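Asks: show me how the following folds:
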Amino acid sequence: MTDTTRTDTTPRDTTDLGRAGTGGAPAPRGAWVIGGGSGIGRATALRLARDGYRVAVSGRREALLAETVAEITGAGGLAVPVPVDVTDEDSVSAAHRAAADGAGPLEVLVCSAGTNVPNRWWAELTGGDFDRVVDTNLNAVVRCVLAVLPGFRAAGFGQIVVVSSWAGRHYMSAAGAAYSASKTALGSLVETLNDQEGRHGVRATQLCPGEVDTPILRTRPVPPPPEEIARMLVPEDVADVVAAVTALPRHVCVNELVVTPVWNRMYIDNSAYRPDGG
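Replies: Numbering: from 1, shown residues only. Presented below is the predicted three-dimensional model:
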């Protein structure tokens, strides 16, 4: 039997990034949440604020950002709205500066912006459809990561959470070609971050939720029936997982995490949920 007893006694930084208010309550830390106006991003912004983070809430729709920020500050939390167009590099750079000024120093980046198109079947998909999905789901993550990396390296720590999908881990007919390709690519992106940036104290997590009751469900050509939506995850479930990942000691990296509803339609019959409803 192999002896797995640990012999390395080198001290490690096991700083607890847990909730503010426990033990010697840490000073507020900064988190930048992309897609914070609705769905998983909004729930994550609210949860991180409850955990003591100053939160920069980013997205396209300023009215929704204002609602999220108002709920956080109304509960005694700290948050600032930071509008951003994640498909535009200059907009991302400006938003990062505003996030760092309003909520920094930043320790956490959560990339939760995502989109899909109704035309998911190859017979209907256009090149423009594909480009729009990939630019939001994949290229935008790269833009945001490039913005925060210098600060994370300088600080010697940073947590990146990329909200991918069950479709990024397992084939899912209903997702369509563009969404599946963009989400699958995020897994490789996260691995390169952990490979190259872990030495600087940066850790990245690909979070792959199963079906979640969010507005993107309504973009499906054939939306799920209400009785099935009722069995799905809700955004707060995923936000709880993000909070758990950020709360881990600094020497711990969760490379990938898949979370699904217990009643997982993809286990029941993946072929029944094709983009064309067949």
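
Asks: Gly39 and Ser173: what is the separation?
Replies: In this view, Gly39 and Ser173 are 22 Å apart by CB to CB, to the nearest Å. In this view, the C-beta of every residue, glycine as well, is placed from N, C-alpha and C.

Asks: between these two, who's got more neighbours?
Replies: Gly39 (25 against 19; other CB atoms under 10 Å).

Asks: wait, what's in contact with the more buried one?
Replies: Ser112, Val212, Thr214, Pro215, Ile216, Pro235 (CB atoms under 8 Å, 6 or more residues apart in numbering).

Asks: verify the stated contact: the third one with Ile40.
Replies: Yes. Judged on CB atoms under 8 Å, Thr214 makes contact with Ile40 at a distance of 6.3 Å.

Asks: could you tell me which residues touch both of these two?
Replies: Joint contacts of Thr214 and Ile40 (CB under 8 Å, 6+ apart) are Pro235.

Asks: low pLDDT regions in the stretch 151-278 of the chain?
Replies: Applying pLDDT under 70 to the stretch 151-278 of the chain picks out residues 219, 269-278.

Asks: so which residues of it form strands?
Replies: For the stretch 151-278 of the chain, applying DSSP state E, counting those that start in this stretch gives strands covering 158-163, 202-209, 256-259.

Asks: out of those, which comes closest to Gly74?
Replies: strand 158-163 (25.0 Å; CB to CB).

Asks: strands paired with the closest one, and their directions?
Replies: strand 106-111 (parallel), strand 202-209 (parallel) (DSSP bridges).

Asks: so which residues of the stretch 1-150 of the chain form helices?
Replies: Remark: helices assigned in the stretch 1-150 of the chain by DSSP state H, counting those that start in this stretch are 39-50, 62-74, 89-103, 127-134, 140-155.

Asks: so which of those has the densest surroundings on average?
Replies: Counting by mean count of other CB atoms under 10 Å, helix 39-50 has the highest mean neighbour count of the helices of the stretch 1-150 of the chain, with a mean of 27.

Asks: what pLDDT, on average, does that one get?
Replies: Across helix 39-50, pLDDT averages out at 98.

Asks: re earlier: and the strands of the stretch 151-278 of the chain, which is most packed in?
Replies: strand 158-163 (a mean of 26).

Asks: so which of the strands of the stretch 151-278 of the chain gets nearest Val141?
Replies: Among the strands of the stretch 151-278 of the chain, strand 158-163 sits nearest to Val141 (CB to CB), with 5.8 Å.

Asks: ok, Val143 - contacts?
Replies: You called it Val, but residue 143 is Arg. Val86, Glu89, Val92.

Asks: and the pLDDT for it?
Replies: For Arg143, the model assigns a pLDDT of 99.

Asks: start at 314, not 1
Replies: Sounds good: first residue 314 from here, last item Arg456.

Asks: quick revisit: can you list the helices of the stretch 314-463 of the chain in TSV and add distance to Val555?
Replies: Converted to TSV, the helices of the stretch 314-463 of the chain look like this (distance: least, CB to CB, whole Å):
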stretch	distance to Val555
helix 352-363	5
helix 375-387	15
helix 402-416	16
helix 440-447	23
helix 453-468	15
